[in-house]
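**Q** structure here, sequence nowhere to be found:
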């Protein structure tokens, strides 16, 4: 009995390996409308063009990759990740370095790729406001977000450090280009945290997810919040009285990485090369208001001028923003988040 | 005498066989407990002593001492659990008492209404409270239109909202054992008390209440222990400002991408919970002795 079980399991394992040789990649992403957009714009068409079979999964982030790599049982070939966590996972040796002689990034924005992760879409961390409370004009800078006399009302802010210190340090008077220089020390981080402490009595909610940002604005629970631009566009589509601005926003991106020891590493590399092409990236904004990482996607004519104006990575909008520094996140995120959690429990 | 002696080995053998059969019957359950409880908990202990570099280390515990947030989080967790338990007793005990005085048929109907929330998903109930309690929610808008208060008051995304949600979810866990204990109390004791000249309130406090305490204690303990590990409700209704141990465990996994950092918190919570259960079990036995010893 036990023997038969072992044999059939071995056969099953062999069968999957055999299938894998027939050019299959397993991709894990975040699920929901985000993965649906990725699937429609990138995975399905690229699979049809290359003949590579795509198996889609959802996962819980780099902690899952860590578990797979450390136990030596890697099943995922490609994972979609936030740029910051990919940088940290890369530094920890959990990811394969990407081969940019195969993946053509010559027309990419230079900051939207890294040794271990190639950009898939661009989003912004913005401030959004309730148009019933402040009208269409609303706050124009992070200093305004902090100004509770000029803009009285309740705020919501992130419950994690990612994208939370940069606004605070800008509100404290640091210029956009100096943000990461100032934050490059524990004193700088403490300075940003003190700025958040100053606003804390007016922060009603520390949000934990994109869905929550949208809900808070839809329900009028807070008058202003930080959050991801695509969520507010969707909320506005649903009738929420919400507007946001790209001014001083944080330009960030999601990317694709290959876990260390991925079973179909070479196929995965070829597939990443395919979905990084402009002809796929230009379809993504049809399904979600996140922009392409490949500049050439704006030139194919698929993205209309109106759509482009709404995307974080359009040249006009990108110029208003601070690009996220992955080096900073790789170096400081763990320390800064511990300090941030301290601040939250005070 | 003689027959007994000759039967003895046979009896012993039968006894042995029976014990073996019993063990055989219990072995699937024992195996299950082993696989789903003992091994994972042991693994949890082991992981908590593994540092970020994969070597044996006490850093996960050292961090909990160095960083002030950990002690604050444990204090908040116990605070929320105690308050929830207290409120559940304050609301649940009188309700159970009322139900125990009703005729069985009507009491059963009441019991169904107590149990009804159990059949709805925890997540749904929690979000329902969010909808009810928020600034433009039903509670605030009705109270304002009735003139009870003028401005929306803050009853969610803070400790108040967390407690409202948790008490609602925990209440059945208290009511059921208390009601069970009350139903089991012989009415004749109360009659005897009044026969001896006790006023109704005297009869309640000296006779009925002590007899109901085992149920009360069991219920309160269950509520308290469940609260210690509660995640969903405080995460949704606390607005990110009421941070409990379970939430910190999740954020530690995301933050350190390292099981040790989360395991250590799990171990500390487990040890504290076991300690509380141990102390309570001694207390409970005392209670039963005083309750049943007269």
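**A** Yes, it's here. What you are looking at is a predicted structure, and each value in this text was computed from that prediction instead of being measured. Residues are numbered from 1 along each chain as shown, chains lettered A, B, ... in the order given.
**Q** ok, residue 268 - how many residues close by?
**A** Looking at chain A here, since you left the chain open. Per other C-beta atoms under 10 Å in any protein chain shown, the neighbour tally for residue A:268 reads 26. To be clear about C-beta, it is placed using only N, CA and C from the backbone, and glycine gets the same treatment.
**Q** you looked at the wrong chain, it should be chain B
**A** Other residues close to residue B:268 by other C-beta under 10 Å number 17.
**Q** name the nearest residue to whichever residue of the stretch 101-250 of chain B sits closest to chain A, sequence neighbours excluded.
**A** Residue nearest to chain A within the stretch 101-250 of chain B: residue B:240 (2.8 Å; C-beta to the nearest C-beta). Among residues not flanking residue B:240 along the chain, residue A:206 sits closest, at 2.8 Å (C-beta to C-beta, 6 or more residues apart in numbering or on different chains).
**Q** so what touches the strand or helix carrying that neighbour?
**A** Assigned by DSSP states H and E, residue A:206 falls within strand A:203-207. Identification of contacts with strand A:203-207 by C-beta atoms under 8 Å, 6 or more residues apart in numbering or on different chains yields A:154-159, A:196, A:212-213, A:216, A:221-222, A:225-227, A:344, B:154, B:157, B:239-241.
**Q** what about 10 Å?
**A** Under the criterion C-beta atoms under 10 Å, 6 or more residues apart in numbering or on different chains, residues A:153-160, A:164, A:196-197, A:200, A:212-216, A:221-227, A:344, B:135, B:154, B:156-158, B:238-241, B:243 lie in contact with strand A:203-207.
**Q** among the residues you listed, which ones are in strands?
**A** A:155, A:156, A:157, A:158, A:224, A:225, A:226, A:227 (DSSP state E).
**Q** most neighbours out of the residues you listed, which is it?
**A** Neighbour max across the ones in strands among the contacts of strand A:203-207 (other C-beta under 10 Å) = residue A:225, 30 neighbours.
**Q** per-residue pLDDT, it?
**A** Per-residue pLDDT puts residue A:225 at 97.
**Q** residues contacting it?
**A** When the contact criterion is C-beta under 10 Å, 6+ apart, the partners of residue A:225 are A:126-130, A:145, A:154-158, A:203-205, A:207, A:212-214, A:216-217, A:231-232, A:242, A:244.
**Q** elements contacting whichever strand or helix holds residue B:84?
**A** Under the criterion of DSSP H and E, residue B:84 resides in helix B:68-101. Judged by 3 or more C-beta pairs under 10 Å, 6 or more residues apart in numbering or on different chains; DSSP states H and E, helix B:68-101 is in contact with helix A:326-345, helix B:59-66, helix B:104-115, helix B:159-183, helix B:209-228, helix B:232-237, helix B:245-256, helix B:259-292.
**Q** format these as JSON lines; extra columns: distance to residue A:185 and mean pLDDT.
**A** As requested, the helices and strands packed on helix B:68-101 are exported to JSON lines (distance: least, C-beta to C-beta, whole Å; pLDDT from 0 to 100):
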{"stretch": "helix A:326-345", "distance to residue A:185": "9", "mean pLDDT": "90"}
{"stretch": "helix B:59-66", "distance to residue A:185": "20", "mean pLDDT": "91"}
{"stretch": "helix B:104-115", "distance to residue A:185": "57", "mean pLDDT": "91"}
{"stretch": "helix B:159-183", "distance to residue A:185": "35", "mean pLDDT": "94"}
{"stretch": "helix B:209-228", "distance to residue A:185": "38", "mean pLDDT": "91"}
{"stretch": "helix B:232-237", "distance to residue A:185": "33", "mean pLDDT": "94"}
{"stretch": "helix B:245-256", "distance to residue A:185": "20", "mean pLDDT": "87"}
{"stretch": "helix B:259-292", "distance to residue A:185": "24", "mean pLDDT": "78"}
